[in-house]
Structures are given as C-alpha cells and as structure tokens.
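[1] sequence and predicted structure are below.
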Amino acid sequence: MIPDKLVPRPNAGPGYWLSFLIPFAVATSFEHAKKHGLACAALDYQLNEVLTGAAWGMGLETLCYFLCEWLKEDSITKTIITLLPMTFTSLYLNLQMAPGAAVLFSLVLGILYLRVYKCVLSRLPRTFSYGEASILVQGLFLFVVTVGFRLLRGSSRAMTDFDKLYVIMQSALCFLLIACALLTLYPSLRRTVPLYILLTLLLVAVTCAPVTQPMPLIVLLDFILKDQKRLYIIAFYLVLVALTCATVSWQLRHSTKANTRVRKIFHLLIVLVFVPGICYQCQLLYMATGIAFAVFVVLEIIRLLKLPPFAAQLALAFNSFKDEKDAGPLALTPFCLLIGCCLPIWLTSCPCSVAAHDSPLVLLSGILAVGIGDAAASVVGSKMGRTKWSRNTDRSVEGTFAFIFSILLSVGLLQLCGLLPMSHVKWFCTVIAAINTALVESITDQIDNLVLPLVFYIFVGYA
C-alpha cells in the first residue's frame with residue numbers, strides 16, 4: 001500500500017531499484033580512488049567511508065519505508081524493518097566515529113532523509129518516480145554531510161587552486177540551498193521585489209563571503225586570467241551559450257512542439273562543453289558545473305513563481321521542449337541532463353587529479369551515456385527503428401545497437417586523438433558498461449538522463 005499523499009510521476013514504474021544507484025556509485029568512486037592511489041583519497045578516506053555508509057543507509061531507508069507501507073498491520077516484523085537502516089548505518093560507521101556519535105548520526109540521517117523524501121514527493125506531485133526522488137534526495141544529503149564534515153574537521157594543509165574552487169562552489173550551493181529553504185518557509189519572499197532582493201544578497205554572499213583568502217570574487221578572477229587557454233575555453237563556452245539561446249529562440253518563433261531531433265541538439269551542445277573541459281581545463285569545468293546548476297535553479301524559481309521579466313519566455317520554452325516525462329511542475333528533463341553529466345565529476349574523489357594522471361574515462365560517463373549514447377539511440381530509433389523490444393515500448397533494437405556503437409566509436413576516436421588513454425581492462429569495462437547501459441535504456445521508463453550516467457559510471461569505475 002502506497003501512501004496517498006505521495007504523488008509519483010504518472011506513466012512510470014516505481015523504480016525502487018534506483019534507490020541503490022547512488023550507494024553503488026559512491027562505493028565505486030571510493031574504490032577507484034584507493035585503487036589508483038590518488039593523493040586526496042588518503043586525505044578524504046574517513047569522509048568517503050562516512051558517505052558510503054550514509055548512502056547505503058538512505059538506500060535501505062527507502063526500501064524499508066515501502067516494505068513497511070505494504071505491511072497492513074503493526075507487527076514485530078514491521079518494527080525490525082524500520083530499525084534495519086539505522087542499525088546498518090551505525091554499525092558501518094562504528095569504525096569511523098565513536099559508537100554514540102555513529103548511532104546519533106544514523107538516527108538523525110534516517111529521520112531527516114525520510115521526511116525530506118516524502119516532502120519532495122508530496123509537494124512536487126507528478127514530478128518524480130519513487131526511485132528518481134530517492135536519487136535526488138540522497139544526493140542532497142550527501143552534499144550536506146560533505147559540507148558538515150569538512151566544516152567540523154577543517155584542513156591544515158595549504159589550499160591549492162582546486163581546493164579554493166571547491167570551497168567556493170560548496171559555499172555557493174549552501175547559500176543557494178538556504179535561499180530555497182527561505183522561499184519554502186516564507187511565502188512573502190516569493191513576490192517580485194523581495195525575491196530579487198534575496199537573489200542579489202545571494203550573489204553578494206557567493207562572491208564576497210570570507211570562505212577563502214582573498215575573497216571568492218578575487219580568487220575566481222585570478223584563476224580565470226592567469227591561464228590564456230582558460231580564456232579561450234570560456235570564449236568557446238560563451239559561443240555555445242549563444243547557440244543554445246538561438247536554438248530556443250528559433251523553436252519559439254516556429255511555435256511548435258520540439259521533436260526528438262531538435263531536443264537532442266542540447267545533448268550535442270553539452271558534449272561540446274564537457275569533452276574539452278575534462279580533457280584540457282578540468283578545474284574550469286568543475287567550477288562551471290556549479291555555476292550552471294545554480295543558474296538553472298534560479299531560472300526555474302523565476303519560472304515557477306511567474307516573476308517578470310523572464311517568466312513568460314521561460315514558460316514558453318518549457319512548454320515547447322518538455323516531453324512526456326515532464327508531467328510535474330519542474331522542468332525535469334533539462335535539469336536531469338545537466339545533473340546526469342555532472343554526477344560523475346561530482347562523485348569522483350579529486351576529479352581533476354583523475355583527469356591529469358589517469359584516463360578521464362570515468363569522468364566522461366555522463367557524456368558518453370546520455371550526451372552520445374542516448375542521443376544516438378533516440379535519433380536512430382526514431383528514424384530507422386523497426387524492431388521494437390516489446391509492444392509496450394517505443395524503444396527499438398536498432399536504437400540499442402546505435403547506443404552501443406556510438407559510445408565505442410567515440411571512445412575510440414578520443415583514444416586516437418590522444419585525449420583518452422585506454423588499456424585492455426578499460427576497454428573491457430567500457431564494452432560491458434555500454435552494453436548494460438544500452439539494455440537499461442531499452443527497458444526502463446525512468447528518466448534516462450538521471451539513470452544512465454550512474455549505471456555507466458558504476459561499471460567503468462572499476463577499470
């Protein structure tokens with residue numbers, strides 16, 4: 001029995017299995033860092049253990065919550081199931097912190113996670129399946145745990161450029177989270193003038209808060225200007241932004257619903273953003289992912305609250321480009337495209353060390369899975385797909401083969417260009433990842449942009 005107050009996305013299965021994608025991905029990231037002997041892995045060992053335990057605990061919490069809802073009457077079995085996630089998390093973390101602290105952490109995490117999880121499904125009706133909501137809420141809590149852990153532990157070592165960017169990005173997202181919480185708690189802030197004042201204060205806090213020495217604005221300007229290649233990459237990114245705006249404007253002028261091929265243009269544009277960034281300017285790309293995510297959130301707030309002068313155009317763009325999975329109030333598809341491509345970078349310990357000293361294959365998981373594979377499957381499937389996997393789906397065997405072939409071709413081309421060092425083991429893991437991710441894409445009714453990058457990441461992370 002599912003609670004009536006939880007309103008999942010229609011025309012989609014519950015997706016309970018998605019609740020364990022983040023735990024598997026976090027564990028993969030931890031093992032990848034240890035295997036390759038990255039310097040920051042030793043520094044973040046305790047944090048990684050805490051995140052791994054927290055992720056598995058939240059995955060179990062989701063599963064046990066629905067198991068308890070299915071049980072019709074209170075029983076000893078229901079009590080045991082309810083206590084299972086907290087018990088597992090506290091036992092796992094017992095080696096990393098004092099027993100009392102582990103129990104308290106597990107209890108608070110479980111209670112808050114479940115409360116936020118139910119709040120997301122009830123206050124954003126028809127937006128997420130149960131599994132999709134679990135992925136996003138788990139990601140939110142892992143971010144909060146990371147920030148809290150670093151604040152409590154501090155750091156005695158000298159900060160590198162990446163450390164400063166990391167701190168700035170974390171503080172900026174914290175300020176954004178606080179602003180969203182204030183908008184939720186105080187409806188009076190949702191009017192035009194108070195909201196723009198709040199956004200102005202947010203910008204000031206992000207650029208001037210004393211989280212680095214010197215202040216973040218100076219750090220960012222110094223970081224950008226001291227390398228000429230960064231200026232070229234930024235200019236290239238600005239051209240891509242202009243192309244994105246032009247595509248949206250062209251579509252709105254034609255006042256028609258965007259078809260699959262038009263929507264996949266954004267997949268191509270995001271490939272052009274991430275591949276040069278990961279291969280040549282990883283630190284710049286890492287900073288850009290945080291900026292892009294924050295901009296998306298702010299624009300979505302403006303659209304949802306219908307604030308002038310941008311809300312009308314944003315609403316037209318959303319209505320033109322939304323697909324069948326955008327059944328709720330949120331613009332879910334573009335959000336999940338960005339998040340899916342960013343997740344491998346955000347999940348990986350010291351991602352720019354991975355890009356510099358090892359193959360950046362794991363960082364490209366999102367781009368290969370949704371930017372290339374999913375886009376190829378959609379285009380080929382819609383044009384040439386004749387053999388459907390079943391009567392109840394529009395996914396075709398031809399699209400699945402296009403998914404696999406496009407990924408392997410892209411990896412081969414990157415290797416030939418000297419941008420992606422590959423060993424036999426990495427090739428084996430890539431083939432296995434491409435096949436399994438393609439099969440998931442062919443049968444799942446969950447959001448591809450969110451699910452496929454995690455599946456691909458889990459497989460290639462062990463290479």
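    Right, received. Where do you want to start? Bear in mind the structure is a predicted one, so any value in this text is a computation, not a measurement.

[2] please, where are all the helices along the stretch 151-300 of the chain?
    With helices called from DSSP state H, counting those that start in this stretch, the stretch 151-300 of the chain shows them at 161-185, 192-208, 216-225, 228-254, 260-263, 265-280, 282-305.

[3] give me the mean pLDDT for the fifth one.
    Translated: helix 260-263. Here helix 260-263 scores 73 as its mean pLDDT.

[4] what sits up against that helix?
    With C-beta atoms under 8 Å, 6 or more residues apart in numbering as the test, helix 260-263 has contacts from 247, 251, 321, 323, 333, 378, 379, 382. For every residue, glycine as well, the C-beta is placed using N, CA and C.

[5] centre of the chain to it, how far?
    22 Å (C-alpha atoms, centre = their mean, to the nearest Å).

[6] what sits against the closest residue to residue 8 other than its chain neighbours?
    Excluding the flanking residues, the one nearest residue 8 by C-beta to C-beta, 6 or more residues apart in numbering is residue 129, at 5.2 Å. Residue 129 sits next to 8, 9, 12, 13, 14, 15, 18, 446, 447 when contact means C-beta under 8 Å, 6+ apart.

[7] pLDDT-wise, which helix or strand of the protein ranks last?
    Averaged element by element with mean pLDDT, DSSP states H and E, the chain has its least confident helix or strand at helix 39-43 (a mean of 52).

[8] after that helix, which helix or strand is next? Please name it.
    Going down the chain from helix 39-43, the next helix or strand is helix 45-70, by DSSP states H and E.

[9] flag the shaky bits of the stretch 351-463 of the chain, pLDDT-wise.
    Residues of the stretch 351-463 of the chain meeting the criterion pLDDT under 70: 354-358.

[10] columns secondary structure and neighbour count on top of the contacts of residue 129, output as a markdown table?
    Shown next, in a markdown table, are these (DSSP: H, G, I helix; E, B strand; the rest coil; neighbours: other C-beta atoms under 10 Å):
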| residue | secondary structure | neighbour count |
| --- | --- | --- |
| 8 | coil | 21 |
| 9 | coil | 27 |
| 12 | coil | 20 |
| 13 | coil | 15 |
| 14 | coil | 16 |
| 15 | coil | 24 |
| 18 | helix | 27 |
| 446 | coil | 24 |
| 447 | coil | 27 |
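
[11] report the two of those residues separated the most.
    Checked with C-beta to C-beta, the contacts of residue 129 reach their widest spread between 14 and 447, with 13.4 Å between them.

[12] residue nearest the centroid of the chain?
    For the chain, the residue nearest the mean C-alpha position is residue 339 (3.3 Å; C-alpha atoms, centre = their mean).

[13] show me the contacts for it.
    Contacts of residue 339 by C-beta under 8 Å, 6+ apart are 136, 139, 293, 449, 450.

[14] can you give me how far the helix or strand containing it is from the chain middle?
    Under DSSP H and E, the secondary-structure element containing residue 339 is helix 332-347. A distance of 4 Å separates the C-alpha centroid of helix 332-347 from that of its chain, computed with C-alpha atoms, centre = their mean.

[15] could you give the angle of that helix to helix 161-185?
    On the basis of axes from the mean of the first three to the mean of the last three C-alpha atoms, to 10 degrees, helix 332-347 is oriented at 140 degrees to helix 161-185.

[16] in PDB, could you pull the C-alpha coordinates for helix 332-347?
    In PDB, the C-alpha atoms belonging to helix 332-347 read as follows (Å, rounded to 0.1, in the frame of the first residue of the first chain):
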ATOM      1  CA  LEU A 332      12.800  17.900 -15.200                       C
ATOM      2  CA  THR A 333      14.400  16.900 -18.500                       C
ATOM      3  CA  PRO A 334      17.000  19.800 -18.800                       C
ATOM      4  CA  PHE A 335      17.700  19.600 -15.100                       C
ATOM      5  CA  CYS A 336      18.400  15.900 -15.200                       C
ATOM      6  CA  LEU A 337      20.500  16.300 -18.400                       C
ATOM      7  CA  LEU A 338      22.800  18.700 -16.600                       C
ATOM      8  CA  ILE A 339      22.900  16.700 -13.300                       C
ATOM      9  CA  GLY A 340      23.500  13.400 -15.200                       C
ATOM     10  CA  CYS A 341      26.500  14.800 -17.000                       C
ATOM     11  CA  CYS A 342      27.800  16.400 -13.800                       C
ATOM     12  CA  LEU A 343      27.300  13.500 -11.400                       C
ATOM     13  CA  PRO A 344      30.500  11.500 -12.400                       C
ATOM     14  CA  ILE A 345      32.600  14.700 -11.800                       C
ATOM     15  CA  TRP A 346      30.800  15.400  -8.500                       C
ATOM     16  CA  LEU A 347      31.000  11.800  -7.300                       C
END
